[in-house]
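*Asks:* Turn this into a structure:
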Amino acid sequence: MRTALVTGATGLVGTHVAHRLLRDGWAVRALVRDVAAATALSNAGVRLAGGSVLDGASVASAADGCEVVFHTAAAVTPRGGWDAFRIPNVEGTRTVIAASERAGARLVHVSSVAVYGSATRRSIDGTRTSEDTELTPLPEHAYYARSKRESEALVLDAHQAGRIWATAVRPDVIYGRHDRQFVPRIARLLRLGIAPLIGGGRSILAIVHAENVADGMVRAAVSEVAGGRTYNLANDHDTSVEDFLRLAGEGLGLRLRMVPVPVAIARMVMKTFGVIAPVFYGGAFSAMASASLDFLLRDNPFTSDRARRELGWDPPVQPTFGIRDAFHWWSNRSMLDVS
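*Replies:* Predicted coordinates for the structure are as follows:
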């Protein structure tokens with residue numbers, strides 16, 4: 001029986017990876033900071049190992065005897081400056097690399113399309129962003145993108161140096177059961193019963209289901225060609241904004257009223273509110289609001305052709321099920337939390 005360690009196993013991707021491995025017959029260990037809070041994993045058959053990616057001894061102990069380490073642990077939206085991202089994402093990855101080397105285990109690292117920075121927009125000729133797209137300099141304040149690029153570089157450099165066998169995947173916005181960020185934010189807005197369709201809602205979202213990311217990661221782990229390679233797992237199935245909102249509403253048990261909003265009006269509202277909001281929400285609000293609007297208006301600029309071609313990635317979860325299921329799961333969880 002193959003044995004794997006999953007870091008960040010209580011998070012969105014880590015949970016799906018752990019359950020996918022169990023279904024495939026692997027023995028699964030999970031590195032968790034709070035063993036008592038991870039009973040759902042242990043009840044499913046995952047062996048829990050207490051520790052942190054910043055504690056080399058605990059990671060080394062958890063990885064001992066494993067064939068593969070799936071490194072999904074990362075700080076996505078921590079409070080603070082560069083160190084709040086660098087320490088868990090970069091230094092944590094450095095620790096995981098050392099543990100993988102000591103165990104002789106393969107390493108599958110979760111990176112992000114954020115590593116592309118401003119190059120994530122399609123070129124003039126319509127070419128989508130691929131793994132061959134040049135990585136241009138990142139702004140100093142792009143803390144998350146910088147941390148993911150640096151951590152990915154550590155992984156690939158370790159493979160190149162012969163220290164470990166490693167590969168990295170680059171998802172875009174991930175959703176699914178156990179999502180604590182994207183789905184909850186959208187769900188809370190939709191509870192009002194109104195869904196704004198900016199620009200008609202025809203844009204194709206840059207999203208991917210967590211189960212499909214897990215599928216790509218497991219495929220990469222057992223593929224010889226994946227060593228030293230990166231893979232975009234960034235467009236499993238094309239889903240428009242309108243379809244996403246409709247399916248989300250169905251998952252929440254709501255019949256949403258779709259309200260068309262002209263792009264010009266949306267930009268004006270964002271601009272006006274962006275002058276006031278920083279007083280209450282901080283200076284990062286304007287950039288976040290602009291990025292959110294861009295996310296809704298711009299078609300998914302990424303291609304995952306390499307993963308499909310080299311790994312045989314054929315994403316199993318369709319949006320018609322995955323979106324409804326993610327929002328239905330959140331709705332049930334939120335009602336339990338309230339009670």
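
*Asks:* Work out for me the element residue 94 sits within.
*Replies:* If you go by DSSP states H and E, residue 94 is part of helix 92-103.

*Asks:* other SSEs contacting that helix?
*Replies:* Applying 3 or more C-beta pairs under 8 Å, 6 or more residues apart in numbering; DSSP states H and E, one finds that helix 92-103 contacts helix 56-63, strand 68-71, strand 106-110, helix 143-160. Bear in mind the C-beta positions are built from the backbone N, C-alpha and C, glycine included.

*Asks:* Using CSV, lay out the ones you listed together with mean neighbour count and mean pLDDT.
*Replies:* Shown next, in CSV, are the helices and strands packed on helix 92-103 (neighbours: other C-beta atoms under 10 Å; pLDDT from 0 to 100):
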stretch, mean neighbour count, mean pLDDT
helix 56-63, 20, 98
strand 68-71, 28, 98
strand 106-110, 27, 98
helix 143-160, 21, 98
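
*Asks:* Rebuild these as JSON lines, extending it with distance to residue 136.
*Replies:* Converted to JSON lines, the helices and strands packed on helix 92-103 look like this (distance: least, C-beta to C-beta, whole Å):
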{"stretch": "helix 56-63", "distance to residue 136": "33"}
{"stretch": "strand 68-71", "distance to residue 136": "25"}
{"stretch": "strand 106-110", "distance to residue 136": "21"}
{"stretch": "helix 143-160", "distance to residue 136": "11"}
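
*Asks:* Residue 89 is nearest to which of these?
*Replies:* In terms of C-beta to C-beta, the element of these nearest to residue 89 is helix 143-160, at 3.8 Å.

*Asks:* would you put the C-alpha positions of that closest one in PDB?
*Replies:* Only the C-alpha atoms of helix 143-160 are listed here, as PDB (Å, rounded to 0.1, in the frame of the first residue of the first chain):
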ATOM      1  CA  TYR A 143       2.900  39.500  -1.200                       C
ATOM      2  CA  TYR A 144       0.900  36.300  -2.000                       C
ATOM      3  CA  ALA A 145       2.200  36.100  -5.600                       C
ATOM      4  CA  ARG A 146       5.700  36.700  -4.500                       C
ATOM      5  CA  SER A 147       5.500  34.000  -1.800                       C
ATOM      6  CA  LYS A 148       4.100  31.400  -4.200                       C
ATOM      7  CA  ARG A 149       6.700  32.200  -6.800                       C
ATOM      8  CA  GLU A 150       9.500  31.900  -4.300                       C
ATOM      9  CA  SER A 151       8.200  28.700  -2.800                       C
ATOM     10  CA  GLU A 152       7.700  27.200  -6.200                       C
ATOM     11  CA  ALA A 153      11.200  28.100  -7.200                       C
ATOM     12  CA  LEU A 154      12.600  26.400  -4.100                       C
ATOM     13  CA  VAL A 155      10.700  23.200  -5.100                       C
ATOM     14  CA  LEU A 156      11.900  23.200  -8.700                       C
ATOM     15  CA  ASP A 157      15.500  24.100  -7.800                       C
ATOM     16  CA  ALA A 158      15.600  21.200  -5.300                       C
ATOM     17  CA  HIS A 159      14.400  18.900  -8.100                       C
ATOM     18  CA  GLN A 160      16.900  20.300 -10.500                       C
END
